[in-house]
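Chemist: structure of the sequence below:
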Amino acid sequence: MFRKVDPDASFPRMEQEILKYWAEHDVFKKTLEKSEGNPRFVFYEGPPTANALPHPGHVLTRAMKDLVPRYRTMAGYYVPRKGGWDTHGLPVELEIEKELGISGKKQIEDYGVERFIEKCKESVFRYKREWERMTERVGFWIDLDKAYITYTDDYIESVWWALRQIWDKGLLYQGHKVVPYCPRCGTALSSHEVAQGYSEVEDPSVFVKFKVKGEDDTFFLAWTTTPWTLPSNVALAVSKDFTYVKVRLDRTGERFILAKGLLDAAVREGYEIVEEFSGAQLAGREYEPLFPFARPDKRAWYVVTGDFVTLEEGTGIVHIAPAFGEDDMSAAVEHGLPVVQLVDAEGRFVEAVEPWKGMFVKEADPLIIQRLQQEGKLYRSEMYRHTYPFCWRCDTPLLYYARTSWFIRTTAVKEALLRNNAAINWHPDYIKDGRMGNFLENVIDWAVSRERYWGTPLPVWICQSCGKQHCVGSVAELKSMATKLPDKLELHRPYIDQVELRCPECGGIMRRTREVIDAWFDSGSMPFAQWHYPFENKEEFERNFPADFICEAIDQTRGWFYTLLVISTLIFDRPSFRNVLVLGHILDAEGQKMSKRKGNVVDTWEVFNTYGADAFRWYLYTVNPPWNPTRFYMEAVGESRRRFLSTLWNVYSFYVLYANVDGFDPEQHQLDVSRRSLLDKWIISRFNGLSAKVRSELDEYNITSAARAIEEFVDDLSNWYVRRSRRRYWGAEMTEDKVAAYLTLHEMLVGVAKLLAPFTPFVAEEVYRNLEGERRKDAPESVHLCDYPKCDETLVDSELERDMAFVRNVVTLGRAARNRVNIKNRQPLAEMVVVAGSPEGERAVTALEPLIREELNVKVVRVASDTGEFVAHKVKPRYDLLGPKHGKLVKEVVAALLAMDPEEAVREMDRAGKVDVLVRGSAVQVNRDEVSVETVEREGYAVEGEGGVSVALDTRLTPELVMEGLAREMVNKIQSMRKQANFDIEDRIRTVFWADAAVRRACEAYRAYLMDETLSEELEFRGEPPAAETRGELTQEWDVNGHKVVISVERLRVAGSGAGSGAAASKGAPGAMTTLPEESEGVE
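Modeler: Just a heads-up that it's a prediction; the model follows:
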């Protein structure tokens, strides 16, 4: 006996029991032990940060990360899964600042760096338990007990080693450059961090008048969207190759100099061109400064040339403030311009900018514009919509700011990066040359230092005497060079800041530069740092490098994916991963990004508790390819569960219910597939083809295609195989055909459980354990310890599958014909005629005729060569085509055409595409497209057709057919009442009914059938409905094909109380799931 299955089981409750089973039996560990020694499949876990709560997007990544290793394990690979935690960086610091009620670096230092660092360390695992709970609940198998942690000294030491390799290659250097800078966080950001923080904003756009020296009322007209940089202006840039003009305004008489190509866009009023010249001719011309705040130490306020000037927008004249722009700084270097810095490290104007000192620069924009207006230096201003970078952690607008920072010369390895990127299999493929490739094509040096506190310290010491710089690559080297070590040597600030080294050049004191490094360098170092390589675990690292598979969201193309690739290229000259699955973002039901502010974040635990993790996972796998954005909402998960998991569960509970009633034990029966029915052979063939497809798709990381194929198969299993096999389970004797039906359904359910194990690990485990794991001593205890199904080519019958597909299409047409004339499927019909359109179609109909007959409830199915016997045709000439073609003869042509037998005319046109008619003794050709053919059903037929296949249902109802239809309706109503009354499938009942004479005659004529189908041991007629009395356990009034009927049912013998044993005791079709099938009914 199988364990009883509740048809309405709670998936969340079942999953909790499975989680308990896995934990008690150490199933994950056993999967690793079973596969150890097999070919290795390497998976890298992109480390999450545990100082914030997980959300639906994290469930998506964990669901995808879990599927592939599970599949590869069942496919015969050894797949260790080491977890990790990303613990450094600004997110942690910002959380602690908020917690302490402080803000900014000054207040951190006032609080105390050591105390602050200890707070950071305490906080990094604040939500670790929530992450672990979510990880366990979603079914993600990963080793979190031995997870790597990026803040440990061992991990940091490996990172130091990597930096030393880069240093030794001359690729780690200190430079003064314009970098993206967050004034709130007080540190520079790398280009890949900046790429994650762009937002569309409106900024002031100003056209500013720079007065030309020595010329009255003459101005260079420049355009900028950063008015706050204007006080630091030192030059104007033009393109030497563009044509520039001097124009006189009709309104004011002022003269503007600007690019001719932008003249009409910039000057929106009447003007006259006074002069025309090249940009080269403007070089060196001087102008008066806008503001008096700057005190440059070099020549300033003149025109220079630059190839970065474009004609895309603005005026073709670019205002240059070297401290705040990369192109500006390049121009300063090329032309020897001064660098004026009037903004402090917090993004506020310095004391020298008297009107706006201490004000955040972006907030000063309106005041600067107002002053320009008052002083007659503003031509016009407007709001300009564009994308602008914000700090990806604190949402502060970034400033491009000249800072002394440490850089990795990634530009030196650009070609190697492109080569290594080309060797990676990106899913989807367009990311390789698109988002990732474009980023690499435009790679700039990595600003790797951060002027912060909680991070891996940059291991560069600088001599206080001679200025020599030295990069330390290990703790051993640090100790060997140290002249001063703290009592507590920890590789974090402020402890590491106390270490002093002996300068190898002059013997002086070396102190560490105060920066920490970009936390993305930490996570990008995990392939080797997780093993403390190269200091130990050398073989372990080599066995696990590179990864076969990684998976994260699309923003990691410029985050973790990028740093993994850059670091492995710099150190090993090869990519650190072979295959990457890129995930789209999770959106709400309206396609909007989820955020607490909008109140549209779905509670993951509500989903788990309502629908379960399998439903959550299945929705994510099937809704769309994982790299597309996914709309996520509760109702969608519920629908996904209903459509797939509930269908599978109903097939499973159906099988267990009837197998238990019959005492069927699959181990006691063996029956070769060759001795089974065509229906069995078909579903077995389908399953083996499915196994091949799912393996092929998963090997290529096409998760959605694989999952949808399984879903389609389960629909076939429920709504065709079980639907058409039901009566085979209801027979009284355990015939060979009944054994075949049970064996086949058992094999399909166990096979589907194995296919589903990586996708929906809980329901797969439940089905497998009940059907196999708990019963067979030689069976693995868990589905996850089984091998993944393989295709047995000898069981694949492609011809049978094509035939069955053809027949199912015929059935669909038959259902459509019934629906159109509103005849229920329970009403038998005399005949259906099929015009198959091909010999192959005719063969399929002939071979599988019983399935069509039973499914459509018709007495006879026959094949015809054409539709002539049940449709007629009317040929209508198209005068719009025939008139111009035949002129005055058109009436005679039409008369001759209409005189033909329309059926013969249509047949000839279908055959030859034309028909010849005789006009005045000559043959005149009429083409198929010169007529319209109307098809008219002959009376008594309903015809449907598609793709060259037609069916015709004989809709004429004889008294005998009507009587049988009434009997079938009565069976359906009684079965519905059995279900409503919660009778067991073995319960025998008494049925009493009140009806008119027609229904009474039908029930008398089909009395044995009706009693057998409903397990009614007594069937009693009590007269006309008005005389009805309430009796039995349930009494109900029904409309039976227009006849008023009252039915009462009550149990006579409860299941298991005596005579007979289950389905074997009756040929009937008892219980809730045994009503005669409607046209769209599967297992319900």
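
Chemist: which residue is nearest the centroid of this structure?
Modeler: For the chain, the residue whose C-alpha lies nearest the mean C-alpha position (CA atoms, centre = their mean) is Pro626; its distance is 2.6 Å.

Chemist: the helices in the stretch 101-250 of the chain, which residues?
Modeler: 105-111, 113-123, 128-138, 153-168, 191-194 (DSSP state H, counting those that start in this stretch).

Chemist: dump the ones you listed into JSON lines; add mean pLDDT, mean neighbour count and distance to Val673 as well.
Modeler: Where you see a C-beta, it was placed from the backbone N, CA and C, and this is true even at glycine. Output for these, formatted as JSON lines (pLDDT from 0 to 100; neighbours: other CB atoms under 10 Å; distance: least, CB to CB, whole Å):
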{"stretch": "helix 105-111", "mean pLDDT": "92", "mean neighbour count": "15", "distance to Val673": "73"}
{"stretch": "helix 113-123", "mean pLDDT": "94", "mean neighbour count": "17", "distance to Val673": "61"}
{"stretch": "helix 128-138", "mean pLDDT": "93", "mean neighbour count": "18", "distance to Val673": "38"}
{"stretch": "helix 153-168", "mean pLDDT": "98", "mean neighbour count": "22", "distance to Val673": "56"}
{"stretch": "helix 191-194", "mean pLDDT": "72", "mean neighbour count": "22", "distance to Val673": "56"}
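
Chemist: can you redo these as a markdown table with distance to Pro322?
Modeler: Converted to a markdown table, these look like this (distance: least, CB to CB, whole Å):
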| stretch | distance to Pro322 |
| --- | --- |
| helix 105-111 | 25 |
| helix 113-123 | 33 |
| helix 128-138 | 46 |
| helix 153-168 | 28 |
| helix 191-194 | 20 |
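
Chemist: for Phe28, find the nearest of these.
Modeler: Distance to Phe28, taken as CB to CB, is lowest for helix 128-138 among those, at 10.4 Å.

Chemist: run the chain-centre distance for that closest one.
Modeler: In terms of CA atoms, centre = their mean, to the nearest Å, the centre of helix 128-138 is set 21 Å apart from its chain centre.

Chemist: now stretch 158-170
Modeler: 37 Å.

Chemist: give me the contact list for it.
Modeler: 172, 408-409, 456, 458-460, 471-474, 491, 517, 521-522, 525, 528-529, 531-535, 567, 570-571 (CB atoms under 8 Å, 6 or more residues apart in numbering).

Chemist: and the residues you listed, which are buried?
Modeler: Among those, those classed as buried by 16 or more other CB atoms under 10 Å are 172, 408-409, 456, 458-460, 471-474, 491, 517, 521-522, 525, 528-529, 531-534, 567, 570-571.

Chemist: in strands, which of those fall?
Modeler: Cross-referencing the buried ones among the contacts of stretch 158-170 against strands under DSSP state E gives 172, 408, 460, 471, 517.

Chemist: could you dump stretch 1004-1021 to PDB, C-alpha only?
Modeler: Provided in PDB are the C-alpha atoms of stretch 1004-1021 (Å, rounded to 0.1, in the frame of the first residue of the first chain):
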ATOM      1  CA  GLU A1004     -35.000   2.100 -16.900                       C
ATOM      2  CA  ALA A1005     -33.400   1.400 -20.300                       C
ATOM      3  CA  TYR A1006     -29.900   2.000 -18.900                       C
ATOM      4  CA  ARG A1007     -30.500   0.900 -15.300                       C
ATOM      5  CA  ALA A1008     -27.600  -1.600 -15.100                       C
ATOM      6  CA  TYR A1009     -25.200   1.000 -16.600                       C
ATOM      7  CA  LEU A1010     -26.400   3.700 -14.300                       C
ATOM      8  CA  MET A1011     -26.200   1.600 -11.100                       C
ATOM      9  CA  ASP A1012     -22.800   0.200 -12.100                       C
ATOM     10  CA  GLU A1013     -21.200   3.600 -12.800                       C
ATOM     11  CA  THR A1014     -22.400   5.200  -9.600                       C
ATOM     12  CA  LEU A1015     -22.200   2.100  -7.200                       C
ATOM     13  CA  SER A1016     -25.900   2.300  -6.600                       C
ATOM     14  CA  GLU A1017     -27.100  -0.900  -5.100                       C
ATOM     15  CA  GLU A1018     -30.600   0.400  -5.100                       C
ATOM     16  CA  LEU A1019     -32.100   2.700  -7.700                       C
ATOM     17  CA  GLU A1020     -35.700   3.800  -7.000                       C
ATOM     18  CA  PHE A1021     -38.100   6.000  -9.000                       C
END
